[in-house]
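> This is a predicted model, with the sequence first.
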Amino acid sequence: MIYLLSEEGRRALRALVSRPILYAFDFDGTLAPISPDRDAVKLPYSVSEWVKELAKRAPCAVVSGRALADLAPRLNGEIPYLVGNHGIESPIATPESLCIAEGVCLEWKKTFSANFAQSLKDLGVEIEDKRYSLTAHYRGVAEPARVRVALLLLLQQLSPPPRVILGKFSVNALPPGQDGKGPAVLALMVQLRQNGLFFAGDDDTDENVFALPEGLAMGVRVGKQAGSRAKFYLKHQGEIEEVIRFLVHRIDRTPESLDNDAGHKSDRKEAAHER
């Protein structure tokens, strides 16, 4: 993986802004600092201001596991395109697909209440109802690995079987036919007539985007992780503001000014060599 704020990473960002790109970001742990209290997560003011500026210059999206009803108020309309529920909710989702997903989740919730309530309580698991998907949270349990295995066994008993996406101290159950964040944000990119996708995320659920076989121009993982499909990484969430600020400033530059900048750098190198 390449550190995005290295000289090599910055060169890749400079090349990126010359293309029609959809700039997309995960929310928790990427745009906003992650928190053990998911209800308390807020977009920092400085990040909010810079991402607002970026959205004025290029198409921008937030792609989150949160439901849109939860996500949208945290962004105050500053980013025009929102993809929620791991791709189930998006600007191009059809009412029919949402209705089917909601019906499946209703049946799953009945099964949880009737058959799994005590097991979930014993495991220390909280089920979050996101209307079109369900998420089992187990942050803070004593044996997270054991709890995850137990959860996966329970989910196998649901009908129809869910598409399971693992997260940080969570297991997400999506209705069949839902393929996660990657295909959803790729479809949005195509609809917006962009020829490439920039995506930054921090979670295992974001690997679904990093693994896209086509369309992804730059994948950035917040936190270097062996085995990630992202080519670039940031050291921590706080660096995302610098990346967005860099993009805003580079998009503001005209091709002529970029050529002049390159010329000035070349002149400086030659002068240094002469000395």
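That came through fine.
> for this protein, what spans make up the strands?
2-3, 21-25, 60-63, 81-83, 126-129, 134-137, 163-167, 170-174, 196-201, 216-222, 232-234 (DSSP state E).
> need the contact list for residue 214.
residue 186 (Cβ atoms under 8 Å, 6 or more residues apart in numbering). Quick note: C-beta positions are derived from backbone N, CA and C, even for glycine.
> quick one on the thing from earlier: mind giving me JSON lines with the strands of the chain and columns for distance to residue 249?
Shown next, in JSON lines, are those (distance: least, Cβ to Cβ, whole Å):
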{"stretch": "strand 2-3", "distance to residue 249": "19"}
{"stretch": "strand 21-25", "distance to residue 249": "14"}
{"stretch": "strand 60-63", "distance to residue 249": "16"}
{"stretch": "strand 81-83", "distance to residue 249": "22"}
{"stretch": "strand 126-129", "distance to residue 249": "38"}
{"stretch": "strand 134-137", "distance to residue 249": "37"}
{"stretch": "strand 163-167", "distance to residue 249": "33"}
{"stretch": "strand 170-174", "distance to residue 249": "36"}
{"stretch": "strand 196-201", "distance to residue 249": "15"}
{"stretch": "strand 216-222", "distance to residue 249": "17"}
{"stretch": "strand 232-234", "distance to residue 249": "18"}
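> Of those strands, which is nearest residue 252?
Taking Cβ to Cβ, strand 21-25 is the member of these nearest to residue 252, at 14.4 Å.
> Identify all contacting residues around the closest one.
Strand 21-25 is contacted from outside by 31, 51, 54, 58-63, 81, 83, 185, 188-189, 192, 194-201, 209, 217, 240, 247, using Cβ under 8 Å, 6+ apart.
> From the residues you listed, list just the buried residues.
Among these, those classed as buried by 16 or more other Cβ atoms under 10 Å are 31, 51, 54, 58-63, 81, 83, 185, 188-189, 192, 194, 196-201, 209, 217, 240, 247.
> The strands of the chain: lowest mean pLDDT?
Comparing mean pLDDT over the strands of the chain, the weakest stretch is strand 163-167, at a mean of 90.
> for it, packing partners?
Where contact means 3 or more Cβ pairs under 8 Å, 6 or more residues apart in numbering; DSSP states H and E, strand 163-167 is packed against helix 144-155, strand 170-174.
> surely residue 53 meets residue 248?
Yes: with contact defined as Cβ atoms under 8 Å, residue 53 counts as touching residue 248 (4.9 Å).
> Poorly predicted segments of this structure, please.
Where the chain drops to pLDDT under 70, the residues are 253-275.
> what do you get if the cut-off is 90, keeping everything else the same?
34-39, 76-78, 139-140, 166-169, 177-180, 203-205, 226, 252-275 (pLDDT under 90).
> Just the helices from the stretch 151-275 of the chain, written as ranges.
Per DSSP state H, counting those that start in this stretch, the stretch 151-275 of the chain carries helices over the ranges 181-191, 207-210, 240-252, 255-274.
> which stretch among the strands of the chain comes nearest residue 105?
Evaluated over the strands of the chain, closeness to residue 105 peaks at strand 134-137, with 5.9 Å, by Cβ to Cβ.
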